[in-house]
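# Sharing a model prediction with you, sequence too.
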Amino acid sequence: MAQRFFFVDLSKCFGCYGCVAACSNANGTPEGVFWRSLHKLPPESGSSALRWLSLACNHCENPPCVAACPSKALVKREEDGVVLHLEDRCLGCRYCQMACPFDAIRWDAEAGIISKCHFCHERLEAGREPACVETCFAGAISQRVVEDDESIELSREVPGFSPGSGINPSIRFVTGEEKQVFRRENSFPPTILKVETSGD
């Protein structure tokens, strides 16, 4: 099955939190609920500069959250492997949250159910990039679908993130040594549409 991946370039991210804010704004998450998070990493050897790691749901190849859900409220869709949350099926049991080793699932106390990154699938279907990708000032986050027979020569593990065993999270990292070959198609800033107004 083809799988949609996030690609994060640690050599470009400078910790502006634009991706976190964009995700929250685009998806209308409740106050204090963030589907994407930003983490400080220690400097590389010989450098004093902090590095940053932007993470959200990894839409894993073998997602433990899907396996843990008793009501089938989490589903992995066929066309690109994106893990979706179906709110009308969610019991609020939080078993998925306990099963996720990446702390990617959030609790919405007001609604009494969980919520998570859905890869901005509605934006993708409209031909747009996810909010985090579209808004990233540095171009540090990109995404695309990887076909079954395609290999990705990028890092699976960086300080602060381990892929675990058999889960196969759909995220890869550029650390500065590899050539970034997965760039977003649309440049930043996004095109601003002119709004026609009529005078009185």
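Perfect, I can see it now.

# show me where pLDDT drops low in the protein?
Applying pLDDT under 70 to the chain picks out residues 176-200.

# if you set the cut-off to 50 instead, what comes out?
179-185, 187-189, 191-193, 200 (pLDDT under 50).

# thinking Cys120 is in contact with Pro130, fair?
Yes. Cys120 is within contact range of Pro130, at 3.7 Å (criterion: C-beta atoms under 8 Å). Every C-beta, even on glycine, is put in place using the N, C-alpha and C of the backbone.

# Neighbour count for the two, which is higher?
Between Cys120 and Pro130, counting by other C-beta atoms under 10 Å, Pro130 is the more crowded of the two (28 against 23).

# Now do the SS call for Ala21.
State at Ala21, reduced to three classes by DSSP: H, G, I helix; E, B strand; the rest coil: helix.

# what residues are up against it?
Counting by C-beta atoms under 8 Å, 6 or more residues apart in numbering, Ala21 makes contact with Thr135.

# And it, how far from Trp52?
Ala21 is 14 Å from Trp52, where distance means C-beta to C-beta, to the nearest Å.

# With Pro130 instead?
Pro130 sits 18 Å away from Trp52, going by C-beta to C-beta.

# for Ala22, same thing?
According to C-beta to C-beta, Ala22 stands 15 Å off from Trp52.

# same deal with Cys19?
The separation that Cys19 has from Trp52, given C-beta to C-beta, amounts to 10 Å.

# who has more neighbours, those two?
Taking neighbours as other C-beta under 10 Å, Cys19 and Trp52 compare with Cys19 leading, 27 against 19.

# And the spatially most central residue of the chain, how far from Ser170?
A centroid search over the chain (C-alpha atoms, centre = their mean) returns Ala56, at 3.9 Å, as the residue closest to the centre. Separation of Ala56 from Ser170 (C-beta to C-beta): 11 Å.

# follow-up on the earlier one: the residue nearest to the centre of the chain touches Ala131, doesn't it?
No. Using C-beta under 8 Å, Ala56 is not in contact with Ala131, being 10.5 Å away.

# joint contacts of the two?
Residues touching both Ala56 and Ala131 (C-beta under 8 Å, 6+ apart): Cys23.
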